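[1] Sharing a sequence plus its predicted fold:
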Amino acid sequence: MAVKSTPVGNTAEVSGFRRWWERTTNTRAAYLYLLPAFLVMTIITFYPLFYQVWMSFTDYNIANLRGTVPPNWIGFKNYLDIFQGALQAKLPNFNFWRILGFNLIWTITNVPFHVVIGVLIAVALNVEGLWFKKIYRAIYILPIVLPTLVIATVWRNMFDQTSGSINMGLAAIGGLFNIPPEAFYIRWFESIVPPFSWFLPGMPLPLSYYAMLIANIWLGWPFMTIVATGALQSIPKDLYEAASMDGATPRQQFFTITVPLIRPAMVPAAVYGTITTFNLFNFIFMMSGGGPLRQTEILVTTAYDLVRTQRLYGMAAAFCVLIFFILLGLTLALNWATKATERYDV
Amino acid sequence: MSEKERRLPLFKQLIYQIILLAIAFSVLFPIMWIVSLSLDPRNLSRPPDFRLIPPGASFEAYRRVLARPTANPVTFAELAFNQLKLAGGVSFLAVLVGVFAAYSFSRFDYRGRKGLMLSVVMVLILPGIATVAPLFVMLNRIVIDWGSIQFNLRNSLYGVGLALISGQLPFAIWNLKGFLDTVPRDLEEAALIDGAGPTQAFFRIILPLSTPALAVTAFLGFSSGWTEFALSWLFLTDAKDFTLAMSLWNMTGPYSGDTPWSAFSAMALMVAAPVAIVYLLLQKYIVGGLTIGGVK
């Protein structure tokens, strides 16, 4: 009976609970603040991610969309079809390893351009006594400010075969040497002849890759310039003065002072740039469309094609599960590389 | 160092100016190209020549685009309104929900915090397209039926919005957490000593202090929603729901037919202008936020 319980034990219990309750006040508040966000994310992110794993083992397709006919469990067939190339029957010229390879090469060749050009321009803009600094800075930020959707469509337009500004410009230059303009009707996005077959002999890249590379360099370096400018301005001037007193050349100063001191800012920016470039959907989709012959397709554009055009939802799910693990691996690798360079710094 | 030594020699100055001018030209060229095209009065699909200031330059293309940009019977205003609803709703909700989670991550220490933060970062690096298959089939299952209002959630701006929040919420959480980490704790601690709870500290001190960060995060979310293409293009089939981004693609992609380039250019500029202008105005704050992580 209730009366029987000793008052002492009761108060000890109550105070124990109360103490626990008071001790965890902050923890409870913390979880309470998290609750809305995680509720939303559970419903529209985490649950779909798990559902996607299940879908990837089924032949989910347009017939199952209404939910009346459940899809068939087919085990690892989707994955095998992707790796072994049986998906080619539905997606002409599909080759998973080529797409993955192109995606990596696309990223690896873009980001160094962005970082190197970005840093060099930032250093040039940081030269003391330079005229019109503010005007240049205001102009150079424009590629960041414009939406990539607009940039991609405009560059596609500029690479047009007959009326694009690139071909017109080349023809104007060629005209000085009496080359007829027809020689410059370059089919940037359709031509299947690799222009530099010595580059990557196993997987020569079509002209559309170079067109997109040019456009993406235009888009990518200003961000790196902004990050580098911020870092450059925090380097104390007396470091350079001391170095030049000791007889260090500008080149030596650049590699022994500037580079190590802006590295902490540039590394996260480069990681961010790598992930963004790896998944640069709008550019590939709107400029080359993955063409010609699917040679410039990247992972996300292929997944999109599987859902939108092919309507193979199960297959697309399997593909997206693979993208998830590839990105996870890429991020871990980048993280490891970042840590490695940090250790070098210290 | 004397004043004279610090000044850049004229020869070097000129070399720098030439290089920087050439770069400025390369940056400006696509913009000049598109502005010139948009003023071209000929309304040709593939103008045979290019002139920086086209003879008889007019705003005719803008007028046409405002009235009816694509073959679909919708005006620019209707498309812009759809895009506005989508971008505004998504960014507002993402910031509203995200700021609480950001506060929790930034100010409390509790079991599971690191793991939960990691889950947010994992979603952050995942491109929106990586969850498109399950979202498509799941949203397609949901049919809203409120008397006269009947629609398939997938085939509506609400469905696209839900899918977009899935990508924007982690971004909002992370961006705001980064900002809150830089807010000194002294003010809150003073309030806590005076007997305020964490909730009061949040609403009375943190929230007012974070107004600029909230505005920047909301704007970045808004600008990504303003040009969202992939999900809208996949989900929406009804012309009344179409957005600016979809129409811009309609005017240049494989469905563009003989759309005049002047119209496409006018459309591109009108889509880009609102976010570009606000971006330039907020530049100082946005750039500050982007570089905070790196600069010590």
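    Nice, thanks for sending it over.

[2] what's the neighbour count on the residue of the stretch 201-346 of chain A at minimum distance from chain B?
    The stretch 201-346 of chain A approaches chain B most closely through A:A265 (3.1 Å), counting by CB to the nearest CB. Using the backbone N, CA and C atoms, a C-beta is placed for each residue, glycine as well. Here the number of neighbours of A:A265 (other CB atoms under 10 Å in any protein chain shown) works out to 23.

[3] which secondary structure element contains it?
    Per DSSP states H and E, A:A265 falls inside helix A:259-278.

[4] Beyond that helix, next helix or strand please.
    Next in line after helix A:259-278, if elements are assigned by DSSP H and E, sits helix A:281-287.

[5] Quick check: next helix or strand after whichever strand or helix holds A:Y47?
    Per DSSP H and E, A:Y47 falls inside helix A:47-55. Where DSSP H and E defines the elements, the next helix or strand beyond helix A:47-55 is helix A:77-84.

[6] touching chain B at all, that following helix?
    No. Counting by CB under 8 Å from any CB of the partner chain, chain B is not contacted by helix A:77-84; separation bottoms out at 11.1 Å.

[7] all strands in the stretch 151-300 of chain A, in order from the N-terminus.
    Counting by DSSP state E, counting those that start in this stretch, the stretch 151-300 of chain A has no strands at all.

[8] what does it put close to chain B?
    Going by CB under 8 Å from any CB, the residues of the stretch 151-300 of chain A near chain B are A:151, A:153-158, A:160, A:162-163, A:165, A:168, A:218, A:222-223, A:226-227, A:230-231, A:234, A:241, A:264-269, A:275, A:279, A:281-282, A:285-286, A:289, A:300.

[9] rerun that using 6 Å as the cut-off
    A:153-154, A:162-163, A:165, A:168, A:226-227, A:230-231, A:234, A:264-265, A:268, A:275, A:279, A:281, A:300 (CB under 6 Å from any CB of the partner chain).

[10] what's the helix holding A:A265 packed up against?
    Contact analysis of helix A:259-278 by 3 or more CB pairs under 6 Å, 6 or more residues apart in numbering or on different chains; DSSP states H and E lists helix A:96-125, helix A:207-233 as its packing neighbours.

[11] Please spell out which residues along the first one are buried.
    Judged by neighbour count using 16 or more other CB atoms under 10 Å in any protein chain shown, the buried positions of helix A:96-125 are A:96, A:98-100, A:102-103, A:106-107, A:109-111, A:113-115, A:117-125.

[12] Quick one: distance of stretch A:261-273 to the chain centre.
    The chain centroid and the centroid of stretch A:261-273 are separated by 14 Å under CA atoms, centre = their mean, to the nearest Å.

[13] Now do it, average pLDDT.
    Rounded to a whole number, the mean pLDDT of stretch A:261-273 is 89.

[14] Stretch A:238-257 too?
    Mean predicted confidence for stretch A:238-257 is 90.

[15] What is the end-to-end distance of that stretch?
    11 Å (CA to CA, to the nearest Å).

[16] What lies in contact with that stretch?
    Applying CB atoms under 6 Å, 6 or more residues apart in numbering or on different chains, stretch A:238-257 has no contact partners.

[17] Quick check: buried residues in that stretch?
    Applying 16+ other CB under 10 Å to stretch A:238-257 flags A:240, A:243, A:248, A:253, A:257 as buried.

[18] how many other residues sit next to residue 228?
    Using chain A here. For A:A228, using other CB under 10 Å, the count is 27.

[19] ah, no, chain B please
    28.

[20] For it, give its distance to B:A245.
    The span separating B:E228 from B:A245 equals 6 Å under the rule CB to CB, to the nearest Å.

[21] Can you show me the strands along chain B?
    All strands of chain B, identified by DSSP state E, fall at B:143-146, B:149-152.

[22] Adding mean pLDDT and mean neighbour count, write the ones you listed out as a markdown table.
    Supplementary listing: these in a markdown table, determined by pLDDT from 0 to 100; neighbours: other CB atoms under 10 Å in any protein chain shown:
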| stretch | mean pLDDT | mean neighbour count |
| --- | --- | --- |
| strand B:143-146 | 84 | 10 |
| strand B:149-152 | 85 | 12 |
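
[23] sorry, back to before: hang on, the residue of the stretch 201-346 of chain A closest to chain B packs against A:A231?
    Yes. Assessed by CB atoms under 6 Å, A:A265 is found in contact with A:A231 at 3.7 Å.

[24] Now do the helix holding A:Y47, average pLDDT.
    94.

[25] Could I get the pLDDT score of B:E5?
    In this model, B:E5 carries a pLDDT of 47.

[26] my bad, A:T11
    Note on A:T11: pLDDT of 55.

[27] ok, now A:F96?
    Reading off the model, A:F96 has pLDDT 93.

[28] Next, the angle from the helix holding A:A265 to helix A:207-233.
    140 degrees (axes from the mean of the first three to the mean of the last three CA atoms, to 10 degrees).

[29] Quick check: buried residues in helix A:259-278?
    A:261-278.

[30] Restrict that helix to CA atoms and write it as PDB.
    The C-alpha coordinates for helix A:259-278 follow below in PDB (Å, rounded to 0.1, in the frame of the first residue of the first chain):
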ATOM      1  CA  VAL A 259      50.600  29.400 -50.700                       C
ATOM      2  CA  PRO A 260      50.900  27.900 -47.200                       C
ATOM      3  CA  LEU A 261      48.900  30.700 -45.700                       C
ATOM      4  CA  ILE A 262      46.000  30.600 -48.000                       C
ATOM      5  CA  ARG A 263      45.900  26.800 -48.100                       C
ATOM      6  CA  PRO A 264      43.600  26.600 -45.000                       C
ATOM      7  CA  ALA A 265      41.000  28.700 -46.900                       C
ATOM      8  CA  MET A 266      41.500  27.100 -50.300                       C
ATOM      9  CA  VAL A 267      41.200  23.500 -49.200                       C
ATOM     10  CA  PRO A 268      37.600  23.600 -48.000                       C
ATOM     11  CA  ALA A 269      36.700  25.700 -51.100                       C
ATOM     12  CA  ALA A 270      38.300  23.200 -53.400                       C
ATOM     13  CA  VAL A 271      36.500  20.300 -51.600                       C
ATOM     14  CA  TYR A 272      33.200  22.200 -52.100                       C
ATOM     15  CA  GLY A 273      34.100  22.900 -55.700                       C
ATOM     16  CA  THR A 274      34.900  19.200 -56.300                       C
ATOM     17  CA  ILE A 275      31.500  18.100 -55.000                       C
ATOM     18  CA  THR A 276      29.700  20.800 -56.900                       C
ATOM     19  CA  THR A 277      31.500  20.000 -60.200                       C
ATOM     20  CA  PHE A 278      31.000  16.300 -59.700                       C
END
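
[31] quick one: contacts of it?
    Taking CB under 6 Å, 6+ apart as the rule, helix A:259-278 contacts A:107, A:110-111, A:114-115, A:227-228, A:231, A:235, A:334, A:338, B:125, B:293-295.

[32] Pull the contacting residues for B:Q83.
    So B:Q83 contacts B:226, B:243-244 (CB under 6 Å, 6+ apart).

[33] and the gap between the closest residue to B:F59 other than its chain neighbours and B:V271?
    Distances taken as CB to CB, 6 or more residues apart in numbering or on different chains put B:L39 closest to B:F59, at 7.3 Å, once the chain neighbours are dropped. Here the criterion is CB to CB. By it, B:L39 lies 17 Å from B:V271.
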